[in-house]
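> heads up, no residue letters with this:
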Ligand SMILES: [Zn+2]
Ligand SMILES: [Zn+2]
């Protein structure tokens, strides 16, 4: 299974501002001047490759959209603004693809705003299957195309769309995947999903505050996480911000670390970065999570508890994770 993240920002698309870009160029030039003194030969490519990822590329500004592939099957999770670039890519690299599958976790703008820019919905020879647990899926999609918010009416794309309602906590076959929706802790209910194929499992848990802290509180929804190969989790806030923003529906790195360690998750990617956070701020939240994780490891080792190390990092737009 392969997961490509086309959008990792939360709440609102967040392009890098000209002021931030200028600041970054100045920083990179300063770093270049500082380091070149020690070089025997000039190596620009090495210098660029060596820059911290949050400087050379940034975390990315498009909202939630992931492409999950396995063998010949492809599933899209959410249609945030990241789906526009995916649309362009898939029509170039696999123009023959005639059928698409999109799972909607919920209908907050950041998860649906890209749908009108997903070109296959306008192509008469394509079918776009849309799945959600919510029984108002079709009404929610109609809203996106409603005048005066968008110039093309829903009726233009209606023939290409197929609406499918999924049962909560019941596995559904979608292409070569088995997808089971589980409820997250988020306003206007949001349903994460455990996606399985080829003996690998992806737990999608973005847009969750994780107010149900313990395994027992999670009840049936704990199955979303347990023993998954990859957990994609919500880290919109730093730990302190998450404590201030109770009931805002989002979590932080340390909450995901606790959950992943308890549920024997193998790997975690944190996303849904706050639109108010600069790349430096997101980097600081990642560092804070690192300190927390190292502390937990140290304490457990000291107590003689067996603790398999967890592979985790904060997501960058465009990255691909192979399971
Ligand atoms: Zn969101
Ligand atoms: Zn949301």
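Received it, and whenever you're ready, just let me know what you need. Since the model is a prediction, treat every value here as computed from it, not as a measurement. Ligands and ions are numbered 1, 2, ... in the order given.

> Verify the stated contact: residue 170 with residue 179.
No: at 9.8 Å, residue 170 and residue 179 do not qualify as touching, with contact defined as CB atoms under 8 Å. For the C-beta atoms, the positions are set from N, CA and C on the backbone; glycine is no exception.

> who's more crowded, these two?
It is residue 179, of residue 170 and residue 179, that has more neighbours when counted by other CB atoms under 10 Å, with 24 against 10.

> bridging residues for the more buried one?
Beta bridges link residue 179 to residue 172, residue 195 when assigned by DSSP bridges.

> shouldn't it be in contact with residue 197?
No: counting by CB under 8 Å, residue 197 is not a contact partner of residue 179; they are 9.5 Å apart.

> dump the residue contacts of the residue in the stretch 51-200 of the chain positioned nearest to ligand 1.
Residue of the stretch 51-200 of the chain nearest ligand 1, by CB to the ion: residue 110 (4.2 Å). Residues in contact with residue 110 (CB atoms under 8 Å, 6 or more residues apart in numbering) are 9, 10, 11, 12, 13, 63, 64, 80, 81.

> Whichever strand or helix holds residue 128 - contacts with which helices or strands?
Element membership of residue 128 [criterion: DSSP states H and E] is strand 127-132. If contacts are counted by 3 or more CB pairs under 8 Å, 6 or more residues apart in numbering; DSSP states H and E, strand 127-132 sits against strand 99-103, helix 137-144, strand 161-165, strand 172-174.

> at 10 Å instead, please
Applying 3 or more CB pairs under 10 Å, 6 or more residues apart in numbering; DSSP states H and E, one finds that strand 127-132 contacts strand 73-77, strand 99-103, helix 137-144, strand 161-165, strand 172-174, strand 177-183, strand 191-197.

> Quick one: closest of these to ligand 2.
With CB to the ion as the criterion, ligand 2 lies closest to strand 191-197 of the helices and strands packed on strand 127-132, at 11.2 Å.

> Tell me if that closest one is near ligand 2.
No: Strand 191-197 stays clear of ligand 2 (CB under 5 Å from the ion), getting no nearer than 11.2 Å.

> So is the helix or strand that comes right after that strand next to ligand 1?
Note on strand 191-197: by DSSP H and E, the next helix or strand toward the C-terminus is strand 200-205. No: contact of strand 200-205 with ligand 1 is not found when judged by CB under 5 Å from the ion; the minimum separation is 12.0 Å.

> partners of strand 200-205, with directions?
Here strand 200-205 is paired, per DSSP bridges, with strand 191-197 (antiparallel), strand 230-234 (parallel).

> relative orientation of the longest one and strand 73-77 in degrees?
This means strand 191-197. If you take axes from the mean of the first three to the mean of the last three CA atoms, to 10 degrees, strand 191-197 sits at 160 degrees to strand 73-77.

> That concludes my questions; thank you for your assistance.
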